[in-house]
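[1] structure here, sequence nowhere to be found:
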């Protein structure tokens, strides 16, 4: 942390500086955004701290990057935009974060308090339906209410540090986006900075519900002890609420056979013998489904119930007994108790007596990648097989929404390999800027993880300019562009040959990195499996883009089974 | 129009087809958007009509394009997106249209009625703050309420054609965006199509207020007849409400000296001797301001009162007497009457007796372009002078938000030259996709107008991929990229040397068209005035991009005077 520059008598800092110091104290050293008239004053204060600014090409991209940073760092993302033109442009990124439990602080530089009180129609502010005054400058804050854990519209500095801290606390606790609407005239004015030295935002406000959590943990364990064929499912909210290590330790201690859900892929250690595959209701590998349905108890940890992550709501069909738990509560024996698994799961691990577990069998499920024939030498299922040969320990894969996302559950991940994608909200184009945020988080964390981005051509076109962020800031991901001439995910649903499912044609993908400013990159187009495998194998220290020619109707088997 | 395929007995068409037929009947033959799971069914019906689909690289770009189409065609724009991921991504484009009186129909393909009623958490739908059901599928419709003339969320086909027609009527009448949220299961079902043959949406619902309009028109004329030094200002809402020809005829008949407002540029015919320049309160050419302040009566037609279009609310300072009028009413002698200028202005023209006007003098105002010295051979003011030499009759200029926008009032426009820009809402990056929509409207209209796009590098990076739309659909604009290494408009406000005002560096601008698929384009970088002038002069039938090297701190004089 940068040394404080507190006024020794007054103990104040400008509010703008308070904001960045607080962020830094919480371990976040990178913020994303786009400058604009109403946030420039705020941005000046970044230079009093060690926080680094990462400007995006546009606000949607910057929002996706902040989301990626939050996912990879397990801290929270920070996005700074300007009023209206900026904040609205980023709204879809924020709604994605909302929908997938990604904590995000979105600071919106707003018109000055005087302008807001005048009700004048200042640029960037949407008028009312009639041109009469006063104009409502709160319009943008009101519009994001449904997708924010909290919207803090500061109009004076009275208790502003407390309000800001409380907003951050909400974001950290709920894993959801929250908003600070900040008038441009307040950033330079002094606020009491003593809270920075005294207030620990990570300390729970409410007492930990130990008694109740203990009871539930005991119940969970007694169910487990009496089970002859238990199974554990690792799901996405385990990761979001910081319980991945706890779950891994539990699985390691019990050796109960375990599987990942669609969204939970990469939470569990897939190299251990008791990791047996993936489960997603009716959209599962049939062997996995059969095994899960043969168990007498399922412990589903970090469940996020939604269409995509529940095999279209077929998740618990034909399952004998289920315990599921997330931040909202634990359901056991059909009874729901409102106590977060944040309290329960660590107790389950702590109280576990492995000698009380019954012996159980680790099944050997078929995890071969079911090949689907394609009209091109490389198919999507072949691509997964080829990836399987190159992926290695500590890699991070970021996958865009599209058909390939539904092939990746078949990939067996080496130790500490991470898979990141927007598997429920499914906004195409998200992965490219998201992976930039992931790269920033990794560098900040001192990680040497290789970064591999997979996306279709249609998705890539949405946000392509953000490739230049990798180049500007010196990152070296491997970018796999799956060129199947359009929106194959849509072609599989309707209009396979319709023009509306075409993306822009004739892009020279292998020259894009150079045009966006790189003078030290590799780009290549591959049509044959051997070339694909040799090119991904030779990926090294330079940013590399591989355009992979695929058939426009080729999809992984799981996607077909989902559509039919 | 395509021949109807009405069932001869039932007189029905699928609702999806009804939508496109109605649009076509209203003269709109082009729609913009991005396909998505929930709008594919709708898009299929486009092929039963002559309406043409223009897919964008992303929804924000498609929204800007629909806006540009509406501005250029004087009809309305149509944008089709999918629920959430699509509709939220386009929200900033729609808010820009809302803020600048651009009529836009935004059709959002939504989850099926069954899914909505089930309250399930379907992909693309934002969950509630707790994961309990039912999930509110209306969330996205509610979020756009503040920036829509009407939000129509159809949940059954009962009176659906009437509801859709009424929505369109609102859009056309208010010149604002309106929304149709359309569940994906309703598009194929039959609706009564007889309204398509019988209902004229352009017929006013309410009776024309002839009596009141006549009184006001008489009052306006009597004021004019007694004025010795009248002046007319042409403002943006004149164009939006279809009164440009009426105002031009009025000015032609009266020869009253006239000027454009900042947003009203290109509404008046600048080649006539009685067009004397531009006026924007304190942000005016001093000669113009002095002249306007010397007049005894100002007739301000189509006024849009906002910060940017009123010289920061200095518009009527030191003006003797003002009549101003727009769609909401006419203010005359300090009294406001709620009758639209749509009714009043044509009557003023009709009842005008030019022999009753007093003689008045046409001033000769200095309209030379005040040169500002720069550190590069080409300055922004020099650029305007060079443009002055090449711009010709029927040209259309589209300008992005940025410093150059504030140089363009100095350009003297040839006959029927049109200037399009987002002069109030000021969302950077808007102009490039907007100009694509303009090109589509012009082609649809059989126009041979040359299209010239001016934008800074920072703005261009926001939406650059949409250049490929020009290439895909065979348009040939001239694209002037003003490369001043970042956000100069922000540098002038704060942080002139700060990194946050840098755009992405080292782009190879002159190779972008080729990379985006063009095999018949010209691209060149210029640093000298002579090269600039020769390159813009030789612009012909091919798409051409000229990168113009400018100093990062060079701005037109008007922008400086606005900032200080």
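    It's in. Only a predicted model underlies this, so the values are computations on that prediction, with no experimental measurement involved.

[2] ok, the closest residue to chain B within the stretch 101-250 of chain A - contacts?
    Relative to chain B, the nearest point of the stretch 101-250 of chain A is residue A:121 (4.0 Å; C-beta to the nearest C-beta). C-beta here means a position set from N, CA and C on the backbone, and glycine is covered the same way. Residues near residue A:121 by C-beta atoms under 8 Å, 6 or more residues apart in numbering or on different chains: A:127, A:131, A:133, A:135, B:305, B:306, B:307.

[3] spatially nearest residue to it (excluding sequence neighbours)?
    residue B:306 (4.0 Å; C-beta to C-beta, 6 or more residues apart in numbering or on different chains).

[4] the one you found falls within a helix, correct?
    No: per DSSP: H, G, I helix; E, B strand; the rest coil, residue B:306 lies outside any helix segment and is coil.

[5] point out the least confident one among the contacts of residue A:121.
    Checking pLDDT across those, the minimum falls on residue A:133 at 83.

[6] and for it, the neighbour number?
    Under the neighbour criterion other C-beta atoms under 10 Å in any protein chain shown, residue A:133 is assigned a count of 13.

[7] quick one, phi/psi of the closest residue in space to it that isn't next to it in sequence?
    Nearest residue to residue A:133, sequence neighbours excluded (C-beta to C-beta, 6+ apart): residue A:119, at 4.6 Å. Dihedral pair for residue A:119: phi 70, psi 20, per degrees, to the nearest 10.

[8] next up, the contacts around residue A:119.
    A:133, A:134, A:135, A:136, A:137.

[9] and if we set it to 6 Å?
    By C-beta atoms under 6 Å, 6 or more residues apart in numbering or on different chains, the residues touching residue A:119 are A:133, A:134, A:135.

[10] quick one: contacts of the helix or strand containing residue A:439?
    Using DSSP states H and E, residue A:439 sits in helix A:431-444. The contact list for helix A:431-444 (C-beta under 6 Å, 6+ apart) reads A:29-30, A:61, A:64-69, A:72-73, A:398, A:400, A:449, A:451, A:453, A:455, A:463, A:466, A:469, A:475.

[11] any idea of the mean pLDDT in that helix?
    Mean per-residue pLDDT for helix A:431-444: 98.

[12] what's near enough to touch residue A:467?
    Contacts of residue A:467 by C-beta under 6 Å, 6+ apart are residue A:516.

[13] repeat that with 10 Å
    Neighbour list for residue A:467: A:57, A:432-433, A:436, A:453, A:460, A:477, A:479, A:512-513, A:515-518, A:521, A:543, A:545, B:504 [criterion: C-beta atoms under 10 Å, 6 or more residues apart in numbering or on different chains].

[14] please apply the same query to residue A:166.
    Going by C-beta under 10 Å, 6+ apart, the list of residues near residue A:166 reads A:150, A:152, A:159, A:178, A:201, A:205.

[15] after the helix or strand the fourth one falls within comes which helix or strand?
    The reference is to residue A:178. Assessed by DSSP H and E, residue A:178 sits inside strand A:177-183. Note on strand A:177-183: by DSSP H and E, the next helix or strand toward the C-terminus is strand A:190-192.

[16] strands of the stretch 401-550 of chain A, start to end?
    Under the criterion DSSP state E, counting those that start in this stretch, strands of the stretch 401-550 of chain A are mapped to A:418-421, A:451-456, A:478-483, A:521-526, A:543-549.

[17] same check, this time on the stretch 151-300 of chain A
    Assignment of strands within the stretch 151-300 of chain A using DSSP E, counting those that start in this stretch yields the ranges A:177-183, A:190-192, A:230-234, A:258-260, A:275-278, A:297-301.

[18] hmm, the longest one in reach of chain B?
    No: counting by C-beta under 10 Å from any C-beta of the partner chain, no contacts exist between strand A:177-183 and chain B, the nearest distance being 10.8 Å.

[19] which of the residues in that strand are buried?
    A:177, A:178, A:179, A:180, A:181, A:182, A:183 (16 or more other C-beta atoms under 10 Å in any protein chain shown).

[20] list the contacts of the fifth one.
    Meaning residue A:181. A:38, A:83, A:87, A:106-111, A:116, A:137-138, A:140-141, A:144, A:151-155.
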